[in-house]
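Asks: For reference, the sequence and a predicted model appear below.
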Amino acid sequence: MAGKILYTAEAHVSGGRTDGRGRTSDGALDVELRPPGDEESGTNPEQLFAVGYAACFESALGAIARRQKVELGDVSIDSSVDLIAAEDSVFDVGVTLDVTLPAITDAKQASEIVQAAHQVCPYSRATRGNIDVVLKANGETV
């Protein structure tokens, strides 16, 4: 990997998604891990990925807005991560990011901004070509 490391996140997980626990090295995040649909308290890796991807994507939108000198308004992102049973007993994930840009009323401009953010978002770059990502801008598929 080329480039200067700006930050390293560290976490420790034991027990995996079934009766597991995950904790970041700084203690800011300390969660019980459970399988999707489990009735016990806790979260699952898909929920954590949905939050992380959406937060990262929102930062990428901010970077694009600054570059293009546009105001996006109070951006919000509804993200979903699907756990998909694939062939040969393996699993895949799929992501949908439904981005709301309140200050952008032109559908084409909103789509272009979301597409540009998808090019620079580290999560998008890391997953490109590996998982299906559906993007929406103000409710319209990009």
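Replies: That came through, no problem. What you see is a predicted model, and the numbers here were worked out from it, not measured in a lab.
Asks: Does A50 belong to a helix, a strand or coil?
Replies: Recorded secondary structure, A50: helix (DSSP: H, G, I helix; E, B strand; the rest coil).
Asks: how about it, what does it touch?
Replies: By CB atoms under 8 Å, 6 or more residues apart in numbering, the contact set of A50 is 79-81, 95. Every C-beta, even on glycine, is put in place using the N, C-alpha and C of the backbone.
Asks: cool, and K69?
Replies: Contact criterion CB under 8 Å, 6+ apart gives no residues in contact with K69.
Asks: Tell me where the protein has strands.
Replies: For the chain, the strands defined by DSSP state E cover 11-14, 20-24, 30-33, 76-85, 91-100, 132-137, 140-141.
Asks: Identify, from the contacts of A50, the entry nearest to E10.
Replies: Nearest to E10 among these: V81, at 22.5 Å, using CB to CB.
Asks: Burial check on that closest one, number of neighbours?
Replies: If you count neighbours by other CB atoms under 10 Å, V81 ends up with 23.
Asks: Local confidence estimate at the residue sitting nearest the centre point of the chain?
Replies: Centroid-nearest residue in the chain, with CA atoms, centre = their mean: Y53, separated by 1.4 Å. Y53 carries a pLDDT score of 98 in this model.
Asks: roughly how far apart are it and G16?
Replies: As for Y53, its distance to G16 is 21 Å (criterion: CB to CB, to the nearest Å).
Asks: With I84 instead?
Replies: From I84 across to G16, the span is 19 Å (CB to CB).
Asks: same deal with K136?
Replies: As judged by CB to CB, K136 and G16 stand 32 Å apart.
Asks: of these two, who's got more company?
Replies: Between K136 and G16, counted using other CB under 10 Å, K136 has the larger neighbour count: 18 against 12.
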